[in-house]
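Q: sequence and predicted structure are below.
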Amino acid sequence: MILHRMRLTNFRGVADREITLPNQGVVVVCGPNEVGKSSMLEALDLLLTYRDRSTHRDVKAVKPANADVGSQVEAEISTGPYRFVYRKRFHKKAVTELEIIEPRREQLSGDDAHDRVEAMLSETLDTKLWEAQRVLQSSSTEAVNLSGSDSLARALDAAAGETDAGPSNDDSLWIDLIDTEYLKYFTPTGRPTGPWKAVTERVTLAQAEVRSRLRAVEEVDERVARHEALTAALQALDEALAPANSRLTAARTADDALTELRDRLSQARQIAATVAATSTGSALADTQRSQLVADCARRTETLVALQAQRAAAELQETGARQVAESASTAAEQAGA
């Protein structure tokens with residue numbers, strides 16, 4: 001495992017500190033006592049070991065005494081084929097964030113991020129060897145327990161010249177059997193293989209499926225809650241619309257009555273127009289009749305006057321004829 005970068009915020013007495021480490025070589029961190037040199041390694045342990053909501057005494061111990069804030073640790077780490085940035089905040093507003101940079105980019109948060117880091121470390125890191133290599137200033141002065149890392153114990157024994165510290169034949173047999181059994185499930189570098197890899201992959205897929213189903217259930221719950229809320233809102237609207245619906249019905253009834261009255265008014269106006277037209281024709285005919293009566297009276301008077309003149313002329317003609325006849329008779333008598 002390679003630590004590239006690390007940052008502490010509100011961690012014990014450290015307000016904000018960031019260090020960047022080279023990929024190779026030895027790094028020596030110098031400084032006075034109680035300035036937080038050991039806190040860097042302690043912070044890395046907390047980051048990789050405890051969840052952000054942990055109430056373990058080791059987690060409580062790093063909370064700053066002079067501020068009510070959360071302690072935050074961020075580290076950029078490479079292990080095996082993985083490179084990632086891992087951040088946690090403890091105590092206040094707990095948060096866990098993981099950004100995997102290699103071999104392919106991923107982002108996770110919460111317990112999913114914590115579980116993924118544990119899986120990557122168990123796949124690529126000999127944790128017992130890692131723990132055996134670290135000694136804190138505050139740690140016990142007793143000999144380091146190497147029972148969990150036989151390879152380191154044998155290497156140290158060989159380096160110390162203890163040639164008789166090697167395993168006996170029986171121990172070698174057991175070790176061979178253990179190695180054979182181990183290689184059924186893990187590669188020599190510690191990566192899962194064979195049935196263990198298959199089971200791990202199935203577990204990973206099952207966990208993904210469970211998360212997917214949980215998200216689906218949450219979505220259904222949200223939709224059910226929304227449906228209930230909309231149903232209640234619709235019922236409230238129906239109740240609020242009841243008086244308006246009554247007024248609407250009354251208005252439609254009044255509108256129908258008004259339409260009927262308008263139709264009757266239109267019919268009455270048509271009848272009045274017809275009557276008015278008929279009255280006008282009657283007045284015209286009456287005027288014409290009066291004119292004809294007056295004309296007839298004038299002609300009657302003229303006819304009476306003409307008849308009187310004719311009678312007078314006839315009388316004159318008769319008198320003249322009588323005078324003529326008398327004269328003729330007198331002439332005849334005078335000739336005789």
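A: Right, received. Where do you want to start?
Q: so what are the sheet partners of the lengthiest strand in the chain and their directions?
A: Longest strand in the chain, counting residues (DSSP state E): strand 2-11. According to DSSP bridges, strand 2-11 has the following sheet partners: strand 14-20 (antiparallel), strand 72-79 (antiparallel).
Q: check which residues of it are buried.
A: For strand 2-11, a neighbour-count test (16 or more other Cβ atoms under 10 Å) marks 3, 6-11 as buried. In this view, the C-beta of every residue, glycine as well, is placed from N, C-alpha and C.
Q: name the surrounding residues that touch it.
A: Strand 2-11 is touched from outside by 14-21, 23, 36, 39-40, 43-44, 62, 64, 67, 69-79, 83, with contacts defined as Cβ atoms under 8 Å, 6 or more residues apart in numbering.
Q: are any of the residues you listed buried, and which?
A: For the contacts of strand 2-11, buried by 16+ other Cβ under 10 Å: 14, 36, 39-40, 43-44, 62, 64, 70-79, 83.
Q: rank the strands paired with strand 2-11 by pLDDT, which is bottom?
A: With a mean of 86, strand 14-20 has the lowest mean pLDDT of the strands paired with strand 2-11.
Q: greatest separation within the buried residues of strand 2-11: which pair is it?
A: Leu3 and Asn10 (20.5 Å; Cβ to Cβ).
Q: what's the local residue count around Ala113?
A: 24 (other Cβ atoms under 10 Å).
Q: chain center to the helix or strand containing Ala254: distance?
A: Using DSSP states H and E, Ala254 falls within helix 194-335. Averaging C-alpha positions (Cα atoms, centre = their mean, to the nearest Å) puts helix 194-335 56 Å from its chain's average.
Q: other SSEs contacting that helix?
A: For helix 194-335, the packing partners by 3 or more Cβ pairs under 8 Å, 6 or more residues apart in numbering; DSSP states H and E come out as helix 169-185.
Q: what average pLDDT does the helix it packs on get?
A: Per-residue scores along helix 169-185 average to 75.
Q: quick one, that helix and helix 194-335 angle?
A: 10 degrees (axes from the mean of the first three to the mean of the last three Cα atoms, to 10 degrees).
Q: now for helix 169-185, which elements pack on it?
A: helix 194-335.
Q: now do Arg154, the pLDDT please.
A: pLDDT, Arg154: 62.
Q: can you check the one 5 residues further on too?
A: pLDDT, the model's per-residue confidence, is 60 for Ala159.
Q: same deal with Ala283?
A: Per-residue pLDDT puts Ala283 at 78.
Q: report how many residues lie close to it.
A: 10.
Q: please tell me how far it sits from Arg289.
A: Distance, Ala283 to Arg289, using Cβ to Cβ, to the nearest Å: 11 Å.
Q: can I get the strands paired with strand 2-11 in CSV with distance to Val203?
A: Supplementary listing: the strands paired with strand 2-11 in CSV, determined by distance: least, Cβ to Cβ, whole Å:
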stretch, distance to Val203
strand 14-20, 36
strand 72-79, 21
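Q: so which of the ones you listed is nearest Lys88?
A: It's strand 72-79; of these, that one is closest to Lys88 (Cβ to Cβ) at 5.5 Å.
Q: please list all residues in contact with Ala229.
A: By Cβ under 8 Å, 6+ apart, Ala229 has no neighbours at all.
Q: quick one: low-confidence residue ranges for the chain.
A: Within the chain, the segments meeting pLDDT under 70 span 34-36, 132-173, 336.
Q: at 80 instead, please
A: Residue ranges of the chain with pLDDT under 80: 24-25, 27-38, 126-176, 279-283, 285, 319, 323-336.
Q: next up, the contacts around Leu98.
A: Leu98 neighbours (Cβ under 8 Å, 6+ apart): 84-87, 106-109, 113, 116-117.
Q: change it to 10 Å
A: Leu98 makes contacts with 84-88, 106-110, 112-117, 120, as judged by Cβ atoms under 10 Å, 6 or more residues apart in numbering.
Q: secondary structure class for Asn33?
A: Under DSSP: H, G, I helix; E, B strand; the rest coil, Asn33 falls in the coil class.
Q: that one and Gly13: what is the separation?
A: Asn33 is 11 Å from Gly13, by Cβ to Cβ.
Q: check Ile178 too.
A: Relative to Gly13, and taking Cβ to Cβ, Ile178 is found at 46 Å.
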